[in-house]
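>>> sequence-free structure coming up:
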């Protein structure tokens with residue numbers, strides 16, 4: 001079900017669900033305090049974020065960090081960005097990670113669990129929101145994943161009432 005949702009609430013839920021994994025892996029996760037509101041299916045967007053963050057945590061060594069942020073584009077689109085200081089992906093594998101069951105690590109030497117469905121599903125969920133999911137990576141330096149929502153999915157913030165802007169409080173009588 002699509003509704004106006006606060007991305008901050010979704011990010012907070014995702015971070016709560018992944019906080020133990022971050023602590024176990026000794027990875028620092030940094031996220032801004034405020035997020036915009038969007039028209040979205042909350043469980044799907046949370047799944048996208050949880051997948052992107054958990055991948056970043058799994059492939060970032062102890063002492064590394066992950067940054068979550070947003071970027072507003074000139075056309076009004078909004079990008080949700082997850083950037084890590086992890087192992088990175090070889091250039092020849094970057095597009096292949098979006099194919100179902102494809103994994104960067106060989107099944108015989110794999111150090112991280114997973115089925116290879118997370119990124120293809122996350123991309124499909126973003127496409128269901130008329131958005132995109134792209135990935136850039138440099139082996140040994142980290143990965144940056146961008147989930148981009150179109151401008152029409154962004155819910156404008158309501159301006160404060162004129163009384164509140166001038167410092168008056170509604171319902172308070174002055175003496």
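Done, it's in. The structure displayed is predicted, hence computed values, not measured ones. Numbering: from 1, shown residues only.
>>> how far does the one helix or strand residue 121 maps to sit from the chain's center?
Taking DSSP states H and E as the criterion, residue 121 maps to helix 118-128. Here the centre of helix 118-128 is set off from its chain's centre by 12 Å, with Cα atoms, centre = their mean, to the nearest Å.
>>> Also stretch 58-65?
Relative to its parent chain, stretch 58-65 has a centroid offset of 17 Å by Cα atoms, centre = their mean.
>>> State the mean pLDDT of the helix holding residue 121.
Averaging pLDDT along helix 118-128 gives 94.
>>> how about that helix: buried residues?
By 16 or more other Cβ atoms under 10 Å, the buried positions in helix 118-128 come out as 118, 119, 120, 121, 122, 123, 125, 126. In short, each C-beta sits where N, CA and C put it, glycine included.
>>> which pair in these spans the largest distance?
For the buried residues of helix 118-128, the farthest-apart pair by Cβ to Cβ is 118 and 126; their separation is 12.6 Å.
>>> Tell me where this protein has strands.
Here the chain has its strands, by DSSP state E, at 2-6, 28-30, 37-41, 65-72, 78-84, 132-138, 142-149, 154-155.
>>> hmm, back to that, need the buried residues of helix 118-128 in CSV with distance to residue 97, can you?
Shown next, in CSV, are the buried residues of helix 118-128 (distance: Cβ to Cβ, whole Å):
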residue, distance to residue 97
118, 9
119, 5
120, 8
121, 12
122, 10
123, 10
125, 16
126, 14
